[in-house]
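>>> Next come a sequence and a model predicted from it.
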There are 4 protein chains.
Amino acid sequence: MLSFESDYIEGAHDRVLQRLVETNMEKLTGYGADPYCESAKAKIREACSCPDAEIFFLTGGTQTNMIVIHTMLKAYEGVLAAQTGHVSLHEAGAIEAHGHKVLQLPQHQGKIRADELREYLVHFMQDENHEHMVYPGMVYISHPTEYGTLYSRKELEELSGICREYHIPLYMDGARLGYALMSPETDVTLPVIAKLCDVFYIGGTKVGALCGEAVVFTKNHMPRCFMTMVKQQGALLAKGRLLGIQFDTLFTDDLYFKISRHAIEMAMLLKEGFRQKGCTFYLDSPTNQQFIILEDSEAERLREHVVLSFWEKTDDTHAVYRFATSWATKEEDVEALLELM
Amino acid sequence: MLSFESDYIEGAHDRVLQRLVETNMEKLTGYGADPYCESAKAKIREACSCPDAEIFFLTGGTQTNMIVIHTMLKAYEGVLAAQTGHVSLHEAGAIEAHGHKVLQLPQHQGKIRADELREYLVHFMQDENHEHMVYPGMVYISHPTEYGTLYSRKELEELSGICREYHIPLYMDGARLGYALMSPETDVTLPVIAKLCDVFYIGGTKVGALCGEAVVFTKNHMPRCFMTMVKQQGALLAKGRLLGIQFDTLFTDDLYFKISRHAIEMAMLLKEGFRQKGCTFYLDSPTNQQFIILEDSEAERLREHVVLSFWEKTDDTHAVYRFATSWATKEEDVEALLELM
Amino acid sequence: MLSFESDYIEGAHDRVLQRLVETNMEKLTGYGADPYCESAKAKIREACSCPDAEIFFLTGGTQTNMIVIHTMLKAYEGVLAAQTGHVSLHEAGAIEAHGHKVLQLPQHQGKIRADELREYLVHFMQDENHEHMVYPGMVYISHPTEYGTLYSRKELEELSGICREYHIPLYMDGARLGYALMSPETDVTLPVIAKLCDVFYIGGTKVGALCGEAVVFTKNHMPRCFMTMVKQQGALLAKGRLLGIQFDTLFTDDLYFKISRHAIEMAMLLKEGFRQKGCTFYLDSPTNQQFIILEDSEAERLREHVVLSFWEKTDDTHAVYRFATSWATKEEDVEALLELM
Amino acid sequence: MLSFESDYIEGAHDRVLQRLVETNMEKLTGYGADPYCESAKAKIREACSCPDAEIFFLTGGTQTNMIVIHTMLKAYEGVLAAQTGHVSLHEAGAIEAHGHKVLQLPQHQGKIRADELREYLVHFMQDENHEHMVYPGMVYISHPTEYGTLYSRKELEELSGICREYHIPLYMDGARLGYALMSPETDVTLPVIAKLCDVFYIGGTKVGALCGEAVVFTKNHMPRCFMTMVKQQGALLAKGRLLGIQFDTLFTDDLYFKISRHAIEMAMLLKEGFRQKGCTFYLDSPTNQQFIILEDSEAERLREHVVLSFWEKTDDTHAVYRFATSWATKEEDVEALLELM
């Protein structure tokens, strides 16, 4: 059975797992105070060209979004996000459960637009009743978005500029950041992100790790007593080594970038194949997630051989399906899928 | 200076205040355990034709919305409301601060539509990812809405029917309920509301009281240990008499309805006058709030004589203004305003 | 039937109520933006000899404690309080419901001791695991305490000194502050409190108002966007005049102090009477609450004529009862009670 | 350098890690819906002799405590725990941050006593003011306790009996449960725990896993939509396989019990050695944590060779130190340590 169901269906990259095996019996202090965590942080700082970045390892994406947003916002603030943002829709209300409203901006293939952001902020400040409303206290973007699309450097600069003008942090959800950075169509690098964002995370769970996300605070934005608040949210791993060793390995010899590039190559192969087969694309994605519209009977036929990820109905007889590649995708599987189309 | 700024610019109806004076030195047990609270509840039950209604007095509208929603929802549930609902926009994130998402439905002159509610619920239940999403756990409507509009009995029956089908409570915010019930255009009575809603509140603050809202739970919907949770939210008044005496007076000799009818009569006078003056209505409101579009220079001129309530811009040179009447509005003030137009 | 059940069994002081009547039909802007609120704040600033004090009116004591503590603490902080503090025991978990632990200190007749506070803080800072613990972020005291006792000026200075040394605010719950200030045994004045505390509240509900507490932030301690957070907690009264007019009256011609003095005079009469009757005092209270130990049959007999406030059992056949006087207590009632003993 | 710092200084048991390697490239559905999670649950149900147990895998101990308590309690309830309970002291206020008070019971070598529990409940129910207080809604115990001590079967039966009488669930924190079950001094088995507790967790992090705890709900106590609430707390692992595979391995061929027995054997060797060396025990622990009082200079000397875990000062020149063994402890290290004493 083929599967393009998601980019987290396998375990960890072989080298990551091997490193866990090699270091397994070393006696290390807990809660992230071990040398692997330190080493991983140093390597990430370097990859970001951001020597004063403060870094913290967490376990998963929703946990990271919830903790970053909860600890950086004031009680009277909410977070601005696209209607389709992961924090808006698919985190079971984690942001609200921790006290904050997700203020919705229109989405354009998963992205927000600088002019609409500015309009929101101008409108809010001018509203005579704004003391009775939730203050916009952060801008959340995902890169790639939930639809696989990317912000250009210019777009990020515009968003970042508005955020600084209004003194609100710009936060990038990088659950699939490797796949953004290795896209052939991007002009955005890790140092650019570190320069333009106030906080972002480098996703591990979907890019070669068993679990783990590296939160990067730039410009001294890490909240005071952050570790205690992480503990308070039940998110402080006793064996911090599990995260430190994985990220240390991913950021050794550019492993994170190399395996991300592989996923992108597989995605482009798939995309080109879909195109040649005359498939209808839902949108044009330059990253590891490809969205195709299939007729229901066609989808049914495919499901006999492939695990499909249903996205949404487009009309009574058609629906969107997502095909995700990853660091683990094999070229032969891509070819086998294309033959089935 | 004339003022149609809002329906809470004066204190309390004379008879309400007088009753507070008369009973002032009676020694009464605190926290709502006094005979006036009991008497008020009995009268409200009768006015609702709902002998088993459970009633609790709270101080204000946002407090009531927050407590009702917070205590009735499960942690994984959110509340469905119109985009323009008070809980969506103008309560400073009170619902989210207490852990719950406000799930937005489209608004049509402040109202939600049964077909769109059903569509939301069907879509949610069919979504394969709904375990990662906020469950719709309550429907919130305001009656009159924030735009002065009203649900018809048929519309309420449809909403109520869907709610029962999906086993989620229907909650009506009746901050201005008196002004809804006395509108010449309504076919909705208090007993109808008690029959169709699972919980609602009868607004006092905007209808003759210094402060106070009467929450009515029907069908045994009052959450267990409700009083303790009210206390926990800092909303249990030590001198519960302040609320009990006011509502007891408002529900004696139909005072609540009589003073509401007066407000509606004043509103209709104003509406008819605006029509004769050729004013542009923003929408057609059958209750005590009238929304007029004014050209900026016209508004500026009026402001010399009248306190205006700015609502929103419609274009570069025009804006919507709200004119609210109340139990306290004098006919001579309406006439004076109309002369100025 | 006599009643010494509590100090909130009557309505409001006559002059307060009369002022509400006189101003009733004035058209005033809502949410505390009316001139009576401004005037009341100015008078309180003067009474505190604290020209830069920031003042906000809230409705009740638990609400005030919860909002002050919630808005001033960081997420990782808790509030230090006596085991018997109102926030520890009798607010239905309001502090925890808003995210913060009440860190308990030993109580001595309701008071905390400076040496034990210092010991707690020293111990916390030295604990190698304190990053896994709740940080002490505020000290809460009540004055008078729940047992009617008072801090001396020297005791307050010591507590205040430690708080400043550790950079944590000192918060005084003054639900019955008038009765503290007018005690014959105190050397603590309102200006002294304003100088030593970072925030405190002047209780109205138990000292002549229908409802209402005046929170006083000194040293620019009012949290940013405080009003929005008050709104978010459902605690912003639409008709802010209700609080403004009451406090304006209470702080006109020293009314607050005069009526407090009356309560104290009645309490001292009661205390002296109890002494002459040979009653057993539970503790020595210099304020309006007197605590007496009664044998069960004696209590039963009294209950036929007096509403008693049971406090706690001392042994199988005895219990503590509280007798509270207030601004409304009549000398003849005190005498009648003493005759019954 | 020797280390008895804690029972989580190494990675995972070799067989656990190997199983992760073997299954690494299998394509598995996320969020716990994989066959390894199912298999692990079936094996745990069998080990507990509890065929209808509902099981959920979480990542760490504080996370588990917070989620179990938060999802099982009503808003007006708190959790009863020993003053020294992990939830009381060392979880950075996680319980309070999620809205609930930890109600403290006295501790006796880390344990609570049935008579004191009953006294608390009786006292609460009799208190005339209990509607203004936090309701006791759960009893939390740790087994072994934070001091390594164990409840006897009789003690557990008494606690369980009181809980059922008062209709409140009994929750056991089993972070080190394996070390309790394999103690030579216990008469408590896993089926006994499953019979007496309403919910408990089987700790993995400290007993052979990289991370992971298995929450076991008995008697249909798993809250509705539990998975959604886990997601909402950021605790739902995308690669649920990481937990499923580990627990499946730990509960294959009694691995969990065998490695726990090894830890206990090492602890007993250490304990006997300490005894022979004339060390002063802080208390008598029958499990893997041994607490010794050392004179400061002695501790200093030892620190040159051993990583010590400081517990608390006993006087000016002495302190308690914890020595923890685990599944990974080598006999030669125990001997080396004893030679140093």
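All right, it came through fine. Bear in mind that the values here come from a model prediction, so they are computed numbers and not experimental data. Numbering: from 1, shown residues only, chains lettered A, B, ... in the order given.
>>> pLDDT-wise, which helix or strand of chain A ranks last?
strand A:309-315 (a mean of 92; mean pLDDT, DSSP states H and E).
>>> what's that strand packed up against?
strand A:318-324 (3 or more Cβ pairs under 8 Å, 6 or more residues apart in numbering or on different chains; DSSP states H and E). Backbone N, C-alpha and C define where each C-beta goes, glycine included.
>>> Could you identify the helix or strand that succeeds the strand it packs on?
helix A:331-340 (DSSP states H and E).
>>> Just the buried residues of that next one, please?
If you call a residue buried by 16 or more other Cβ atoms under 10 Å in any protein chain shown, then helix A:331-340 has these buried ones: A:333-334, A:337-338.
>>> Kindly report the same for stretch A:66-83.
By neighbour count with 16+ other Cβ under 10 Å, stretch A:66-83 contains the buried residues A:66-82.
>>> ok, which of these also contact chain D?
Residues shared between those and the neighbourhood of chain D are A:66-67 [Cβ under 8 Å from any Cβ of the partner chain].
>>> Select from the buried residues of stretch A:66-83 every entry located in helices.
A:66-72 (DSSP state H).
>>> from those, which are also near chain C?
A:70-71.
>>> Same list (the ones in helices among the buried residues of stretch A:66-83) but as JSON lines, adding pLDDT.
Listed next are those as JSON lines, based on pLDDT from 0 to 100:
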{"residue": "A:66", "pLDDT": "98"}
{"residue": "A:67", "pLDDT": "98"}
{"residue": "A:68", "pLDDT": "98"}
{"residue": "A:69", "pLDDT": "98"}
{"residue": "A:70", "pLDDT": "98"}
{"residue": "A:71", "pLDDT": "98"}
{"residue": "A:72", "pLDDT": "98"}
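>>> about what we covered before: looking at the buried residues of helix A:331-340, spot the one nearest residue B:322.
Taking Cβ to Cβ as the measure, residue A:337 is the one of these closest to residue B:322, at 59.4 Å.
>>> I'd assumed residue A:184 was in contact with residue A:150.
No - using Cβ atoms under 8 Å, residue A:150 is not in contact with residue A:184; the gap is 10.7 Å.
>>> So these two - more neighbours on which side?
Neighbours per residue, other Cβ atoms under 10 Å in any protein chain shown: of residue A:150 and residue A:184, the larger number sits with residue A:150, 24 against 10.
>>> got the contact list for the more buried one?
Listed by Cβ atoms under 8 Å, 6 or more residues apart in numbering or on different chains, the contact partners of residue A:150 are A:143-144, A:180, A:183, A:185-186, A:188, A:286-287.
>>> now swap in residue A:55 and tell me
Applying Cβ under 8 Å, 6+ apart, the residues contacting residue A:55 are A:40-41, A:44-45, A:214-217.
>>> Is it in a helix, a strand, or coil?
When classified by DSSP: H, G, I helix; E, B strand; the rest coil, residue A:55 comes out as strand.
>>> residue at max distance from the center of chain A?
The outermost residue of chain A relative to its centre, with distances by Cα atoms, centre = their mean, is residue A:128 at 36.5 Å.
>>> and stretch A:318-334, does that touch chain B?
No - interface with chain B: stretch A:318-334 contributes nothing (Cβ under 8 Å from any Cβ), its closest point being 11.2 Å away.
>>> For that stretch, buried residues please.
A:319-329, A:333-334.
>>> Check stretch A:27-47 too.
A:27-32, A:34, A:36-37, A:39-41, A:43-45, A:47.
>>> tell me the angle of the longest helix along chain A relative to strand A:318-324?
Assignment by DSSP H gives helix A:255-276 as the longest helix of chain A. Between helix A:255-276 and strand A:318-324, the angle comes out at 150 degrees (axes from the mean of the first three to the mean of the last three Cα atoms, to 10 degrees).
>>> And helix A:255-276, how far out from the chain middle?
Centroid displacement of helix A:255-276 relative to its chain, using Cα atoms, centre = their mean, to the nearest Å, is 17 Å.
>>> can you pull out the helices in the stretch 101-250 of chain A?
A:114-126, A:153-165, A:177-181, A:190-196, A:226-232, A:241-250 (DSSP state H, counting those that start in this stretch).
>>> how about JSON lines for the buried residues of stretch A:318-334, with pLDDT added?
Output for the buried residues of stretch A:318-334, formatted as JSON lines (pLDDT from 0 to 100):
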{"residue": "A:319", "pLDDT": "95"}
{"residue": "A:320", "pLDDT": "96"}
{"residue": "A:321", "pLDDT": "96"}
{"residue": "A:322", "pLDDT": "97"}
{"residue": "A:323", "pLDDT": "97"}
{"residue": "A:324", "pLDDT": "97"}
{"residue": "A:325", "pLDDT": "98"}
{"residue": "A:326", "pLDDT": "98"}
{"residue": "A:327", "pLDDT": "97"}
{"residue": "A:328", "pLDDT": "98"}
{"residue": "A:329", "pLDDT": "98"}
{"residue": "A:333", "pLDDT": "97"}
{"residue": "A:334", "pLDDT": "98"}
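>>> Throw those into a markdown table and include distance to residue C:274, thanks.
As requested, the buried residues of stretch A:318-334 are exported to a markdown table (distance: Cβ to Cβ, whole Å):
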| residue | distance to residue C:274 |
| --- | --- |
| A:319 | 82 |
| A:320 | 81 |
| A:321 | 83 |
| A:322 | 80 |
| A:323 | 85 |
| A:324 | 80 |
| A:325 | 85 |
| A:326 | 81 |
| A:327 | 82 |
| A:328 | 83 |
| A:329 | 86 |
| A:333 | 90 |
| A:334 | 91 |
